[in-house]
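S.K.: take this sequence and fold it.
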Amino acid sequence: MSFIDLHCDTASLIFENKAHLNRNDYHVDIEKMKASHYLAQWFAFFIDIKGLKNTDPFIYLKEMYAYFKAEVEANPDTICIVSTYKDYLKCKAENKIAAFLSLEEGEAIAGVNDPLEKLMELGITMMTLTWNHMNTWGYPHSILKGLTPKGCELLEGLNHTPILLDVSHLSESAFKDITRLYKKPIIASHCNARNYYDHTRNLSDEAMKVIAESGGIIGTNLYSYFLNNSNHTSIEDLLRNMQYVYNQVGEEALAIGADFDGMSCNLEVCNCGEMDKLMGSMTRIFPMRIIEKICYSNAERIIRENL
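M.R.: Residues are numbered from 1 along each chain as shown. Coordinates of the predicted model:
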C-alpha cells in the first residue's frame, strides 16, 4: 500500500537539532518513508511564536526552509520538493517521494508585505491560520472566537492562490467565516473527531460535515491525547476514530495526517516506517477500496484538483 501523509513536524525538528532527513532517530526520515512506500508527505514548517523571543518569525521560516531544501537536495535520487500536481506525477514516475510544504502558524507572515506571495515563493501549498495562540488572523481551538478582519482578508486572498487552508488548531467559531468566504476544499490536516474523544483540538460533527461538503479531507492524527486520556496510542484507537469519521462524513473525507515528530507519546505505529501495521489492521473494518482512499487516493485527489 502507498501513503500520502498530510502533516508531520520533521522539517522543524531536524532544523532545530541540525539533524538529517535521510536517516534520523525521529518518526520520519527518507529511509522509513521508502519502507512504507510513501508517495508524498506534507512537511510543516512549525513556528511557536511565543518561543522565538527576539527572532523575526518570517526570517526564522526562511532559515528553516533553506535547511530543509538543502537536506532534500542532498538526496536527489529519493525525494524532491514539489508544489504542483505535475511535479508530483514526475516524482511518482521516478519513484521519488514528493515533499509538499506547509506552514503551521500563520503569524509567521503577519509582518511582511504580500504575505501569500511570499509563501508561494517558498513553494508552500498549505497553511494554518493559527497554532495554539491568538494571532493577527484569528483564534485557536481553545478560544470560542472566529477570524479577525485581517484574517477574513487573508482567507479571501487564499482563494486566488494555490495555497490550501488547513483548519487544524483553529477555533471552530471561525467556520462561519470560512463557509462564507473560502471557496476551495477545506483541509484538516491532522485532526480527529470530538464526539469520539472530547478535546478542543478535535472536530465537531458539524465541522467535519462542512469540510466534507467542501470536498476537503480530514487527516487522522496519531497523538494519544486527541484519542484517549493516556500516553499511548493503539491501533484500535485509530480504527475507532476512523470508523466514527467514516460514519459521519463518508469515505471521501478520510485521510492520514499522523502528526509524526509533533508529539511525545507512545505509539503502536512507532514511526512512518510502520504504516503497513495500520493498513493491515484497517482491513478489519474497511474494504480495500476505502483503505486506498484513506491511505493515499483522497489526498491525491486534492493534489490533482487543486495544485
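S.K.: who's in contact with residue 256?
M.R.: 3, 4, 5, 6, 219, 220, 275, 294, 295, 299 (CB atoms under 8 Å, 6 or more residues apart in numbering). Backbone N, C-alpha and C define where each C-beta goes, glycine included.
S.K.: what sits closest to it if chain neighbours are left out?
M.R.: Once flanking residues are discounted, residue 256 sits nearest to residue 5: 5.1 Å by CB to CB, 6 or more residues apart in numbering.
S.K.: pretty sure residue 64 sits against residue 18.
M.R.: No - counting by CB atoms under 8 Å, residue 64 stays clear of residue 18, with 11.8 Å between them.
S.K.: could you pull out the strands in the stretch 51-200 of the chain for me?
M.R.: Ranges of strands within the stretch 51-200 of the chain are 79-81, 97-104, 124-128, 164-166, 187-188, based on DSSP state E, counting those that start in this stretch.
S.K.: which neighbouring elements make contact with the fourth one?
M.R.: It stands for strand 164-166. On a contact count with 3 or more CB pairs under 8 Å, 6 or more residues apart in numbering; DSSP states H and E, strand 164-166 meets strand 124-128, helix 149-158, strand 187-188.
S.K.: Provide the contact partners of the last one at residue level.
M.R.: Strand 187-188 has contacts (CB under 8 Å, 6+ apart) with 6, 126, 164-168, 203, 207-208, 211, 216-219, 257, 302.
S.K.: check the nearest residue to residue 109 once chain neighbours are set aside and give its pLDDT.
M.R.: Excluding the flanking residues, the one nearest residue 109 by CB to CB, 6+ apart is residue 115, at 3.6 Å. With respect to pLDDT, residue 115 scores 95.
S.K.: equivalent analysis for the one 4 residues further on, please.
M.R.: We have a pLDDT of 98 for residue 119.
S.K.: I figured it hits residue 103, correct?
M.R.: Yes - between residue 119 and residue 103 there is a contact at 6.4 Å, judged by CB under 8 Å.
S.K.: I'd say residue 228 and residue 197 touch.
M.R.: Yes - counting by CB under 8 Å, residue 197 is a contact partner of residue 228 at 6.3 Å.
S.K.: just the CA trace of the biggest helix by length in the chain, in CSV.
M.R.: Ordering each helix of the chain by length in residues (DSSP state H) puts helix 57-73 first. Listed next in CSV are the C-alpha coordinates belonging to helix 57-73 (Å, rounded to 0.1, in the frame of the first residue of the first chain):
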residue,chain,number,x,y,z
PRO,A,57,9.3,34.7,12.6
PHE,A,58,9.5,35.2,8.8
ILE,A,59,13.3,35.2,8.9
TYR,A,60,13.1,32.0,11.0
LEU,A,61,10.7,30.5,8.4
LYS,A,62,13.1,31.2,5.6
GLU,A,63,16.0,29.7,7.6
MET,A,64,14.0,26.6,8.2
TYR,A,65,13.1,26.4,4.6
ALA,A,66,16.7,26.8,3.5
TYR,A,67,17.9,24.0,5.8
PHE,A,68,15.1,21.6,4.7
LYS,A,69,15.8,22.4,1.0
ALA,A,70,19.5,21.6,1.4
GLU,A,71,18.5,18.3,3.1
VAL,A,72,16.3,17.4,0.2
GLU,A,73,18.9,18.4,-2.4
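S.K.: I'd like the mean pLDDT over that helix, please.
M.R.: Helix 57-73 comes out at a mean pLDDT of 97.
S.K.: next, the buried residues of that helix.
M.R.: 57, 58, 60, 61, 62, 64, 65, 67, 68, 69, 71, 72 (16 or more other CB atoms under 10 Å).
S.K.: please apply the same query to stretch 195-206.
M.R.: Using 16+ other CB under 10 Å as the test for burial, stretch 195-206 gives 196, 197, 199, 201, 202, 203, 205.
S.K.: with stretch 159-171 instead?
M.R.: For stretch 159-171, by 16+ other CB under 10 Å, it's 162, 163, 164, 165, 166, 167, 168, 169, 170, 171.
S.K.: start and end of that stretch, how far apart?
M.R.: End-to-end distance for stretch 159-171: 20 Å, by CA to CA, to the nearest Å.
S.K.: rounded mean pLDDT for it, please.
M.R.: Mean predicted lDDT for stretch 159-171 stands at 97.
S.K.: check stretch 279-298 too.
M.R.: The average pLDDT within stretch 279-298 is 97.
S.K.: which parts of that stretch are buried?
M.R.: Buried residues in stretch 279-298, counted by 16+ other CB under 10 Å: 279, 281-282, 286, 290-298.
S.K.: end-to-end on it?
M.R.: Taking CA to CA, stretch 279-298 runs 15 Å from one end to the other.
S.K.: who touches it?
M.R.: By CB under 8 Å, 6+ apart, the residues outside stretch 279-298 that reach it are 1-4, 39-40, 217, 220, 235, 239, 242-243, 246, 251-256, 275.
S.K.: out of these, which sit inside helices?
M.R.: Judged by DSSP H, helices contain the following of those: 235, 239, 242, 243, 246, 275.
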